[in-house]
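In: this is the structure alone, sequence omitted:
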């Protein structure tokens, strides 16, 4: 996964910036309107992160597919039940149906880690990874902070740990894999 993050970073930077890393001012440029929130503009950092994320996931699927077929999930959605402390899977079909029916609020309280390594059963989790692409690259990779909803005031890493009961890891280019406990 580390190599996939490095390759995605390098490939997008080569395409967009001739192989150089974007500057702080380039990262902060507003480039498009958020399709889900008309009052919010997306920055180049967000745009680059989405593209790098897509490429890193493609690479990861290829690599892990050859190494541990059937024992990993990409962008699997989970829901934690606060009453029982159990986690459950939310299928892509269920998520898509809820969104199409205008019931996206039903997905509040779910998480979608980038990569989950498991026993063959996605509920028997062995490791969790999330790609982060800081922009500029001198920024430290960090877990996203939830500003609203059921996880408001917390971070992805903390919520992943609470729901999945395993220490999640950050994967970022030019760095080693960082466990959640060390990224606090």
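Out: The structure has been received and is ready for your questions. Not measured: the values here are computed from a predicted model.
In: can you tell me the helix or strand for residue 130?
Out: Taking DSSP states H and E as the criterion, residue 130 maps to strand 125-131.
In: whatever helix or strand comes next after that strand vs strand 125-131, what angle?
Out: Scanning the chain past strand 125-131 towards its C-terminal end, the next helix or strand to appear is helix 156-164 (assignment: DSSP H and E). Taking axes from the mean of the first three to the mean of the last three C-alpha atoms, to 10 degrees, one finds helix 156-164 and strand 125-131 inclined to each other by 160 degrees.
In: give the buried residues for helix 156-164.
Out: When neighbours are counted by 16 or more other C-beta atoms under 10 Å, the buried residues of helix 156-164 are found to be 156, 157, 158, 159, 160, 161, 163, 164. Heads up, the C-betas are built off the backbone N, CA and C, glycines and all.
In: before we move on, the earlier item: show me what the strand holding residue 130 pairs with in its sheet, parallel or antiparallel.
Out: Taking DSSP bridges as the criterion, strand 125-131 sits next to strand 115-118 (antiparallel), strand 168-171 (parallel) in its sheet.
In: residues of that strand that come out buried?
Out: 125, 127, 128, 129, 130, 131.
In: quick one: distance of that strand to the chain centre.
Out: Shown here is strand 125-131, whose average C-alpha point lies 10 Å from the average C-alpha point of the whole chain (C-alpha atoms, centre = their mean, to the nearest Å).
In: try stretch 107-118
Out: 8 Å.
In: mind listing the helices for this structure?
Out: Under the criterion DSSP state H, the chain carries helices at the ranges 2-17, 24-28, 44-67, 92-100, 156-164.
In: who's in contact with the longest one?
Out: The contact list for helix 44-67 (C-beta atoms under 8 Å, 6 or more residues apart in numbering) reads 1, 3-5, 7-9, 11-12, 16, 22, 26-32, 71-72, 74-75, 114-115, 117, 131, 133, 135, 171, 173.
In: can you pull the buried residues of it?
Out: Of the residues in helix 44-67, 44-49, 51-53, 55-57, 59-60, 64 count as buried by neighbour count, 16+ other C-beta under 10 Å.
In: residue 90: which of those is nearest?
Out: Relative to residue 90, the closest of those is residue 57; by C-beta to C-beta it sits at 18.2 Å.
In: mind putting the helices of the chain into TSV with mean pLDDT and distance to residue 141?
Out: Converted to TSV, these look like this (pLDDT from 0 to 100; distance: least, C-beta to C-beta, whole Å):
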stretch	mean pLDDT	distance to residue 141
helix 2-17	96	10
helix 24-28	96	14
helix 44-67	97	11
helix 92-100	86	26
helix 156-164	94	11
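In: may I see the ones you listed organised as a markdown table, with distance to residue 148 added?
Out: Formatted as a markdown table, the helices of the chain follow (distance: least, C-beta to C-beta, whole Å):
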| stretch | distance to residue 148 |
| --- | --- |
| helix 2-17 | 28 |
| helix 24-28 | 23 |
| helix 44-67 | 18 |
| helix 92-100 | 18 |
| helix 156-164 | 13 |
